[in-house]
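Peer 1: return atomic coordinates for the entry below.
(one chain, ligands or ions: 1)
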Amino acid sequence: MASSAFQFAEGEDAQQLARDADALLQQGWAQDGDGMGVTKTFHFKTYFKAVAFVNMIAAESASKKHHPTMTVRIGSVDVHWTTHRPRGFTQKDVTMAQHCDQGADLMGAVDPGQGLKCGPTI
Ligand SMILES: C[C@H](O)[C@H](O)[C@H]1CNC2=NC(N)=NC(=O)C2=N1
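Peer 2: Numbers count the residues shown, from 1 in each chain. Coordinates of the predicted model:
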């Protein structure tokens, strides 16, 4: 199964989490290097949209007390979700990853090739 290498945190419903993890992989998320989280890059046509996406995730993170690692570039945002305590992949990561997908739609995320890139355009 695709999610078999995930390291679920203690106390998680492993069967449910395995299903949710598989669904995330179908949605373009990838397992991180140690199997304790998921990553995805979202692409945008403007830097402002990328930053607006980050701020939207930040608001939900503050409200849910669960925080990602994010790298903002001119036309994309890398998002990484993992849980520090208890250590591993959790339902919280799933919920927040799903929230990112919904937020990306609202912010007008585009396909990878369509995102704003640095450098000359001609
Ligand atoms: C007290 C506070 O809620 C905890 O430290 C939260 C904060 N944000 C967090 N974020 C993430 N990604 N994992 C955590 O375990 C975590 N713990």
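Peer 1: packing partners for the lengthiest helix in the chain?
Peer 2: As assigned by DSSP state H, the longest helix anywhere in the chain is helix 47-64. Under the contact criterion of 3 or more Cβ pairs under 8 Å, 6 or more residues apart in numbering; DSSP states H and E, the helices and strands touching helix 47-64 comprise strand 69-72, strand 76-82, helix 91-106. C-beta coordinates here come from the backbone N, C-alpha and C atoms, glycine included.
Peer 1: any idea of the mean pLDDT for the first one?
Peer 2: When the per-residue pLDDT values of strand 69-72 are averaged, the result is 98.
Peer 1: now swap in the last one and tell me
Peer 2: Helix 91-106 carries an average pLDDT of 97.
Peer 1: and the chain, which residues reach the ligand?
Peer 2: Taking Cβ under 6 Å from any ligand atom as the criterion, the neighbours of the ligand within the chain are 65-67, 82-85.
Peer 1: buried among those? Need that as a selection in PyMOL.
Peer 2: Only the buried entries of these go into this PyMOL selection, using 16 or more other Cβ atoms under 10 Å:
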select buried, resi 66+82+83
